[in-house]
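Asks: need coordinates for the below:
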Amino acid sequence: MRKFKKFLLLPIIFFLAFTLAACGNKKQNTYQKVKQDNTIVWGVRADTRLFGLMSIKTGRVEGFEIDLANAITKQMLGENGHAKLTKITANTRIPLLKNNNVDVLMATMTITPDRQKQVLFSKPYFKAGQGILVPDNSKIKTVQQLNNKTVLAVKGTTAVANVHKYAPKAKVLEYGDYGQAFSALKAGQGVAMTTDSGLLAGIASENPGYKLAGSNFTNEPYGIAVNKGQTQMVKHINKALDELKKNGTYNRLIRKWFKGVKGFNIKEVEE
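Replies: Prediction:
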């Protein structure tokens, strides 16, 4: 009798295990989740001036992307919608999204073919591109003028290859981070520093005596990222972006954070 009961129980156990596995593997609909929770969990930077930076005064993360995340949340969920901010880094952002620790990423994330294999992007929300940071008294206005000169960049970024594409005779010194590269610029070890124009704008905003030179020489826009398959979420994010641009909120936020930065062309990013 006991053996019979064991044989009878085995199919039931297998059925339950299969059902639980199927439920666990079922993809969560992010849009339905945020509607139900009335909350969007945003992965944001807390170390990037003008976009998302921890304020010593307020103890909160502040910046253009933070304001835009709040505006998109209200546009999608209504005035009572809540934007929950989770601090991420360049290395942790995609893993946190994949593990559903965050619903979306807005973290100075360039739309690239490699990343499009891992995540689904919204339409661009910031027309980023590579730029040049120089001292105020510099006569450099274009990337081509960097030929036969020393340029400073951060190791592991696309900046080096991009400079050599447009100024093949430039000498590029690579540093571990943006702080080191900018310190080298201040010390006169190069005539210019190069990376995303948005990041350079952040450096220029807190360092009088430096400016952005000319226009971006590459087109590398930032996009909002969600998990693969979350087309409904992307559709509603894009709709919210369109509405915020139409009602003037987007341009107001651009001017709030970037107006007055020397050499930064607001018209290049305004819609």
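Asks: next, the buried residues of stretch 229-239.
Replies: 230, 233, 234, 236, 237 (16 or more other C-beta atoms under 10 Å). To be clear about C-beta, it is placed using only N, CA and C from the backbone, and glycine gets the same treatment.
Asks: equivalent analysis for stretch 33-49, please.
Replies: Buried residues in stretch 33-49, counted by 16+ other C-beta under 10 Å: 33-35, 39-46, 48-49.
Asks: and if you look at stretch 107-122?
Replies: 107, 108, 109, 110, 111, 119, 120, 121, 122.
Asks: beta partners of the fourth one?
Replies: Pointing back at residue 110 there. residue 222 (DSSP bridges).
Asks: wait, it touches residue 128, no?
Replies: Yes: Residue 110 is within contact range of residue 128, at 6.5 Å (criterion: C-beta atoms under 8 Å).
Asks: all helices of the stretch 51-200 of the chain, in order?
Replies: 64-77, 93-98, 113-116, 159-166, 178-186, 197-205 (DSSP state H, counting those that start in this stretch).
Asks: wait, which of the ones you listed is closest to residue 132?
Replies: Closest of these to residue 132 is helix 197-205, at 7.6 Å (criterion: C-beta to C-beta).
Asks: for residue 140, what are its contacts?
Replies: 132, 134, 146, 149, 191, 192, 213 (C-beta atoms under 8 Å, 6 or more residues apart in numbering).
Asks: quick one: contacts for the fourth one?
Replies: Contact criterion C-beta under 8 Å, 6+ apart gives 140, 170, 171, 190, 191, 192 as the residues in contact with residue 149.
Asks: and the fifth one, by the same measure?
Replies: Contacts for residue 191 (C-beta under 8 Å, 6+ apart) come out as 134, 138, 140, 146, 149, 150, 151.
Asks: and residue 267, what pLDDT?
Replies: Looking at residue 267, its pLDDT reads 81.
Asks: residue 13 now?
Replies: So, for residue 13, pLDDT stands at 47.
Asks: same thing with residue 119?
Replies: Reading off the model, residue 119 has pLDDT 97.
Asks: beta partners of it?
Replies: Bridge pairing for residue 119 - DSSP bridges - gives residue 227.
Asks: my guess is it meets residue 94, correct?
Replies: Yes: because the distance of 6.5 Å satisfies C-beta under 8 Å, residue 119 is recorded as touching residue 94.
Asks: overlap of the contact sets of these two?
Replies: 105, 225.
Asks: in the stretch 1-150 of the chain, where is pLDDT below threshold?
Replies: The model of the stretch 1-150 of the chain has pLDDT under 70 over residues 1-26.
Asks: for it, just list every one of the strands.
Replies: With DSSP state E, counting those that start in this stretch as the criterion, the stretch 1-150 of the chain has strands at 39-45, 47-48, 52-54, 61-62, 82-88, 104-105, 119-121, 130-135, 150-154.
Asks: so which of these is nearest residue 255?
Replies: Residue 255 lies closest, by C-beta to C-beta, to one member of these: strand 61-62, at 15.9 Å.
Asks: just name the most buried of the helices of the stretch 51-200 of the chain.
Replies: Mean neighbour count (mean count of other C-beta atoms under 10 Å) peaks for helix 197-205 among those, with a mean of 24.
Asks: contact partners of it?
Replies: Here helix 197-205 makes contact (C-beta under 8 Å, 6+ apart) with 48-51, 53, 108, 126, 128-133, 178, 182, 193-194, 210-212, 216, 222, 258, 260-264.
Asks: domain map for the protein?
Replies: By the assignment in automatic domain parsing, the chain contains the domains 30-127+221-269, 130-212.
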